[in-house]
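>>> sequence isn't available, so here's the structure alone:
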């Protein structure tokens, strides 16, 4: 079974994989963020795509999610795991913790860019459970195993949570951040929702691995979120994400049962 990996901020290559080819895929929706790296990892064929493009060229609102997911489908991918940086909306979700979202809340204005339907084709898709519970269990088990073997690492793995999706590129105002907290949301990000919606329409299993970089700006006793703060945590989170993906790809089940 082909597996797709979407790399977020700081994750532009898949370490330890044997690269077979770079494939540029044309789609009816335009060009994906970058050529797909086709590689072998253990016994699995993996298609890797950096969502912001190599060198981080694309803003969140500039990412062509339809082309990215259509490209995965065209390449025969059946499961997609994405890695993304998020802000925490809860005290107990600390920077460098991991959240595996099982719900989303849309605060974007991008609904037409997050569907393959339209232009004369009407469709409505069930989205009550937007992520794959089988993938979530596998990633949670893998993340705990990797963290347990890493000396001095205090990161926690949270197996559920609501990801509120905003457009960016500006971070939240404090009023917005406190509003999202009052709604009970867990993390905030700018990229995962479109991927989840399009993977569902394409019949691809999807699970995000949200890596916490900061407390957004609601925590007034803390320094407001800055690029420097995020980059520091991104470096640490990227190393952990690579280790988790490497371990998961070495143990992933060959057949999806969900």
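Cool, the structure landed. Since this is a predicted model, take the numbers as computed values, not measurements.
>>> switch to C-alpha atoms for all contacts and neighbour counts from now on
Noted.
>>> and residue 142, how close does it get to residue 244?
6 Å (C-alpha to C-alpha, to the nearest Å).
>>> do residue 114 as well
Going from residue 114 to residue 244 by C-alpha to C-alpha gives 28 Å.
>>> tell me which of the two has more neighbours.
residue 244 (22 against 19; other C-alpha atoms under 10 Å).
>>> list the helices and strands the helix or strand that contains the more buried one packs on?
Assigned by DSSP states H and E, residue 244 falls within helix 227-251. When contacts are defined as 3 or more C-alpha pairs under 8 Å, 6 or more residues apart in numbering; DSSP states H and E, helix 227-251 packs onto helix 133-149, strand 205-214.
>>> quick one: the last one to helix 227-251, angle?
When you say that, I think you mean strand 205-214. On the basis of axes from the mean of the first three to the mean of the last three C-alpha atoms, to 10 degrees, strand 205-214 is oriented at 150 degrees to helix 227-251.
>>> what mean pLDDT does strand 205-214 get?
Average pLDDT, strand 205-214: 96.
>>> before we move on, which element is residue 167 in?
Counting by DSSP H and E, there is no helix or strand that carries residue 167.
>>> per-residue pLDDT, it?
We have a pLDDT of 91 for residue 167.
>>> touching, it and residue 107? I think so.
Yes - using C-alpha atoms under 8 Å, residue 167 makes contact with residue 107 at a distance of 7.5 Å.
>>> more neighbours: which of the two?
Ranked by neighbour count (other C-alpha under 10 Å), residue 167 and residue 107 place residue 167 first, with 19 against 13.
>>> contacts only, for that one.
For residue 167, the contact set (C-alpha atoms under 8 Å, 6 or more residues apart in numbering) comprises 60-61, 107-109, 190-191.
>>> kindly recompute the last result at 10 Å.
By C-alpha atoms under 10 Å, 6 or more residues apart in numbering, the contact set of residue 167 is 59-62, 106-110, 189-191.
>>> tally up the residues packed near residue 91, please.
10.
>>> how much space between it and residue 243?
26 Å.
>>> longest single strand anywhere in this protein?
Using DSSP state E to define each element, the chain has its longest strand at strand 77-88.
>>> got the angle between that one and helix 133-149?
Strand 77-88 and helix 133-149 meet at an angle of 60 degrees, taking the same axes, to 10 degrees as the criterion.
>>> if we can go back for a sec, which of the contacts of residue 167 count as buried?
Those of the contacts of residue 167 that meet the buried threshold are 60-61, 189-191, by 16 or more other C-alpha atoms under 10 Å.
>>> just these: which are in strands?
By the criterion of DSSP E, membership of the buried ones among the contacts of residue 167 in strands covers residue 189.
>>> can you lay out the buried ones among the contacts of residue 167 as a markdown table showing pLDDT?
As requested, the buried ones among the contacts of residue 167 are exported to a markdown table (pLDDT from 0 to 100):
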| residue | pLDDT |
| --- | --- |
| 60 | 92 |
| 61 | 92 |
| 189 | 96 |
| 190 | 96 |
| 191 | 95 |
